[in-house]
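In: test case, fold it:
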Amino acid sequence: MTTVLFPGSFDPFHNGHLEVVERAGQLFGEVVVACLRNPQKAEALFSSEERVDMITEAVAHLANVQIVSVSQLVVEVAHEVEASAIVRGLRAISDFENELQMAQMNRQLSGVETLFIPTSSRTSFLSSRLLREVASYGGDVSAFVPKSVVKWLQEKFGR
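Out: Predicted coordinates:
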């Protein structure tokens, strides 16, 4: 069985993330979603434990997905879970430059390849940052996140 790793901060997990997990799950035997703390990003809205629970609920319909919480290099996680590749979603051409640099660094560090899955036009505009902002002002993001994530956001923002 081929295992792939899908790393990200997922703060919060949205329909674009879910699309990548579902499509990777159709292509590979197992998908390991690695919930990371990205030190280059602002303080997380949800704790690592909350994000793992959130993702677990959102992917409950997928039998070949597991979720892990990590705070180490992605390539180290890939080796630990015996992933043959890292999967990354691409929303727009603007994502490509940064993702390509990370893919090249990861390959140089470990030999692990990165595969890109372009998202559909119905999710290509989604970002966790933008969803956090809209939700913080009471905006309705229910069309952009799995149903289970709506309650996480409502609880976090007291709505």
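
In: from now on I want contacts and neighbour counts done on CA atoms only, so please keep to that.
Out: OK.

In: could you check how far stretch 105-120 is from the centre of its chain?
Out: Chain-centre distance of stretch 105-120: 14 Å, with C-alpha atoms, centre = their mean, to the nearest Å.

In: how about that stretch as CSV, C-alpha atoms only?
Out: The C-alpha coordinates for stretch 105-120 follow below in CSV (Å, rounded to 0.1, in the frame of the first residue of the first chain):
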residue,chain,number,x,y,z
MET,A,105,14.4,21.6,-0.4
ASN,A,106,12.5,18.5,0.9
ARG,A,107,13.9,16.4,-2.0
GLN,A,108,17.5,17.6,-1.3
LEU,A,109,17.1,16.9,2.5
SER,A,110,15.6,13.5,2.2
GLY,A,111,15.0,12.3,-1.4
VAL,A,112,11.2,12.4,-0.8
GLU,A,113,9.3,13.7,-3.8
THR,A,114,6.4,16.1,-3.7
LEU,A,115,3.3,15.7,-5.8
PHE,A,116,1.0,18.7,-6.5
ILE,A,117,-2.8,18.4,-6.7
PRO,A,118,-4.4,21.5,-8.2
THR,A,119,-7.7,22.4,-6.5
SER,A,120,-10.9,22.9,-8.4
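
In: what does that stretch rub up against?
Out: With C-alpha atoms under 8 Å, 6 or more residues apart in numbering as the test, stretch 105-120 has contacts from 16, 19-20, 74-75, 78, 84-92, 103.

In: burial count for residue 72?
Out: 11 (other C-alpha atoms under 10 Å).

In: now the element after the longest helix seen in the chain, going C-ward?
Out: For the chain, the longest helix by residue count, based on DSSP state H, is helix 93-110. Per DSSP states H and E, the first helix or strand lying C-terminal to helix 93-110 is strand 113-118.

In: now that following strand: mean pLDDT?
Out: Summarised as a single mean, pLDDT over strand 113-118 is 96.

In: partner strands of it and their direction?
Out: strand 85-90 (parallel) (DSSP bridges).
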